[in-house]
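Structure for the following, please:
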Amino acid sequence: MIAEGLVAALRERGQTIAVAESLTAGLLGATIAQVPGASAVLRGGLIVYATDLKSKLAGVDEELLAVHGPVHPDVASQLAQGARERCYSDWGVGLTGVAGPGPQDGIEAGTVYIGLSGPGRFDAVHHRFSGDRENVRQEAVRAAIQIVTFALG
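Numbering: from 1, shown residues only. Just a heads-up that it's a prediction; the model follows:
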């Protein structure tokens, strides 16, 4: 399982994680939860597929959403921070993007931003994945797990 290393690293450090997911709609949280012992590190998450819920549930700035839309690096960062704060975790991950099959609001399918919020970290990474909708979602989850695992050292 791709999340085993992440769960082990978090357990080793006595740290926790929470997620705020848009395009992956809970897939990251579910992937982490598949690992035996994940309950020691996975605090919870927010599925904020609808744009208004990004603000209402995760605390993403409404003006940011109005000006740039939901697929933006700052939105991913704020989703991560919102997950971290609302779920009282050490780390937060935010995912937003366009899974496809076609573009959304002029943004190409496969465009993904992954935000990370943790001790001394608050940033976002841009990815461009190819393939069908399911592949984009799976690759986004894999990349998010790699980002957090790398950040843990």
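
what about the longest helix belonging to the chain, average pLDDT?
Counting residues, the longest helix found in the chain (DSSP state H) is helix 133-151. The average pLDDT within helix 133-151 is 97.

Buried residues, that helix. List them.
Within helix 133-151, the residues that count as buried by 16 or more other Cβ atoms under 10 Å are 136-145, 147-149, 151. C-beta coordinates here come from the backbone N, C-alpha and C atoms, glycine included.

again with stretch 11-21
15-21.

Format the residues you listed as CSV; extra columns: pLDDT and distance to residue 37.
Below are the buried residues of stretch 11-21 laid out as CSV (pLDDT from 0 to 100; distance: Cβ to Cβ, whole Å):
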residue, pLDDT, distance to residue 37
15, 98, 14
16, 98, 13
17, 99, 13
18, 98, 17
19, 99, 17
20, 98, 23
21, 98, 22
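
Between these, which sits nearest residue 93?
Checking these against residue 93 by Cβ to Cβ gives residue 19 as the nearest, at 4.9 Å.

Name the next helix or strand following the strand or helix carrying the closest one along the chain.
Assigned by DSSP states H and E, residue 19 belongs to strand 17-21. Using DSSP H and E, the helix or strand that follows strand 17-21 towards the C-terminus is helix 27-33.

And the contacts of the helix or strand that comes right after that following helix?
Next along the chain after helix 27-33, taking DSSP H and E as the criterion, comes strand 42-47. Residues from elsewhere that reach strand 42-47 (Cβ atoms under 8 Å, 6 or more residues apart in numbering): 7, 16-21, 25-26, 28-29, 32-33, 53, 57-58, 79, 82-83, 86-89.

What of stretch 65-85?
With Cβ under 8 Å, 6+ apart, stretch 65-85 has contacts from 18-20, 22, 45-46, 48, 51, 54-55, 57-61, 64, 89-98, 104-105, 107, 111, 113-118, 122-124, 126.

and the helix or strand where residue 96 lies, what does it pack onto?
Assessed by DSSP H and E, residue 96 sits inside strand 91-97. Packing partners of strand 91-97 (3 or more Cβ pairs under 8 Å, 6 or more residues apart in numbering; DSSP states H and E): strand 17-21, helix 73-86, strand 111-118, helix 133-151.

quick one: it to strand 42-47, angle?
30 degrees (axes from the mean of the first three to the mean of the last three Cα atoms, to 10 degrees).
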